[in-house]
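Trainee: curious how this folds, go ahead:
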Amino acid sequence: MSAAAAVAAPAVADRVLVVDDEPEIVALVAYHLAKAGYRVATAASGQDALELARRERPALLVLDLMLPGLSGFDVLEQLRGDESTRDVAVLMLTARREEVDRIRGLSLGADDYLTKPFSPQELVLRVGAILRRTAQPATTGNDVLAIGPIRIDRAALTVAVDGQIIELTPTEYKLLLTLAERRGRVQGRGHLLETVWEAAPDIQTRTVDMHVQRLRAKLGSAGDLIETVRGFGYRLRGGQGRG
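Mentor: The predicted structure follows:
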């Protein structure tokens, strides 16, 4: 995909909430997102971000971690714990480069992260990639995938284990669906980054590991179907079936 195509204005303007206490950063991010065709709202604190997210239901938050009052981690945790906002996509924007901070954010359910200083064009590309993962996919006559106790309804965008609906973030859903559609075959971390995150295959492999870990935990005992193939990546085992 060309950069020009990736930054083209979305067909329907998605609302993006930019959360940062640095006015210059907010202005820079808001300008480039608006230029790319998004509807942009802003907040300078964690509490304001939560109130706006609950009221306006944005498609995505660009969320700084270092905020006054509630930190970005606190905001992310509350978003994921609230039924009305748990599906909002989150791109972490942070000056922290320590792996432990990135791991914590990903573990709490962030979809991706970008460190400061950053390229505005890369930020717009990443926002677009995340939102494409949340979009309703074209469905076929076989909308349901059944792998062992896992049932994925591609039309309803739902996942159930033994009949119980499992709440997944858009990225976790796309990751599981990718593994399920290619079950039995090893998917390298680089390939998953390209397919699920639409990222270059030589960066952020830890992102894949953290999302797999979180996905396994949510699937419970069925998470054991996701096998780690040491030195390569992951594979979803189990018999195939269609509903």
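Trainee: mind listing what the closest residue to Leu225 other than its chain neighbours touches?
Mentor: Counting by Cβ to Cβ, 6 or more residues apart in numbering, the nearest residue to Leu225 once its immediate chain neighbours are dropped is Gly238, at 4.9 Å. All C-beta atoms are positioned from the backbone trio N, CA, C, and that covers glycine. By Cβ atoms under 8 Å, 6 or more residues apart in numbering, the contact list for Gly238 reads 147-148, 150, 183, 225.
Trainee: please name the residues that touch Met47.
Mentor: For residue 47 the amino acid is Gln, not Met. Contacts of Gln47 (Cβ under 8 Å, 6+ apart): 69-70.
Trainee: mind pulling up the pLDDT for it?
Mentor: Looking at Gln47, its pLDDT is 93.
Trainee: and if you look at the one 4 residues further on?
Mentor: At Glu51 the predicted local distance difference test score is 94.
Trainee: what about it, how many neighbours?
Mentor: The tally of other residues near Glu51 (other Cβ atoms under 10 Å) stands at 12.
Trainee: and it, what helix or strand is that in?
Mentor: helix 46-56 (DSSP states H and E).
Trainee: now the angle from the helix or strand Val40 falls within to helix 46-56?
Mentor: For Val40, the host element (DSSP H and E) is strand 39-43. If you take axes from the mean of the first three to the mean of the last three Cα atoms, to 10 degrees, strand 39-43 sits at 150 degrees to helix 46-56.
Trainee: quick one: strands adjacent to strand 39-43?
Mentor: Strand 39-43 has the following sheet partners, assigned by DSSP bridges: strand 15-19 (parallel).
Trainee: the strand it pairs with: how far from the chain's middle?
Mentor: 15 Å (Cα atoms, centre = their mean, to the nearest Å).
Trainee: tell me what the helix or strand that it is followed by is packed against?
Mentor: Downstream of strand 15-19, the first helix or strand assigned by DSSP H and E is helix 23-35. Judged by 3 or more Cβ pairs under 8 Å, 6 or more residues apart in numbering; DSSP states H and E, helix 23-35 is in contact with strand 15-19, strand 39-43, strand 60-64, helix 120-134.
Trainee: out of these, which is the most enclosed?
Mentor: Neighbour counts (mean count of other Cβ atoms under 10 Å) averaged over each of those peak at strand 60-64, with a mean of 27.
Trainee: what angle do strand 39-43 and that strand make with each other?
Mentor: 30 degrees.
Trainee: quick one: contacts of strand 60-64?
Mentor: For strand 60-64, the surrounding residues in contact (Cβ under 8 Å, 6+ apart) are 14, 16-22, 25, 29, 33, 49, 53, 72, 75-76, 79, 88-94, 110, 123, 127, 130-131, 134.
Trainee: what average pLDDT does it get?
Mentor: On average, strand 60-64 scores 95.
Trainee: adjacent strands (with direction) for it?
Mentor: Counting by DSSP bridges, the strands paired with strand 60-64 are strand 15-19 (parallel), strand 89-94 (parallel).
Trainee: CA atoms only: put the first one into CSV for me.
Mentor: In this case it means strand 15-19. The C-alpha atoms that make up strand 15-19 are tabulated as CSV, following Å, rounded to 0.1, in the frame of the first residue of the first chain:
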residue,chain,number,x,y,z
ARG,A,15,-13.8,10.8,15.3
VAL,A,16,-10.4,10.8,17.0
LEU,A,17,-9.8,12.1,20.5
VAL,A,18,-6.3,13.5,21.1
VAL,A,19,-5.3,13.4,24.8
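Trainee: wait, doesn't Val175 sit right on Met210?
Mentor: Not quite, residue 175 is Leu, not Val. No - using Cβ atoms under 8 Å, Leu175 is not in contact with Met210; the gap is 10.8 Å.
Trainee: what's the neighbour count on the closest residue to Leu236 other than its chain neighbours?
Mentor: Setting aside the residues directly before and after it, Leu236 is nearest to Leu179 in space (Cβ to Cβ, 6+ apart), at 3.9 Å. Using other Cβ under 10 Å, Leu179 has 26 other residues around it.
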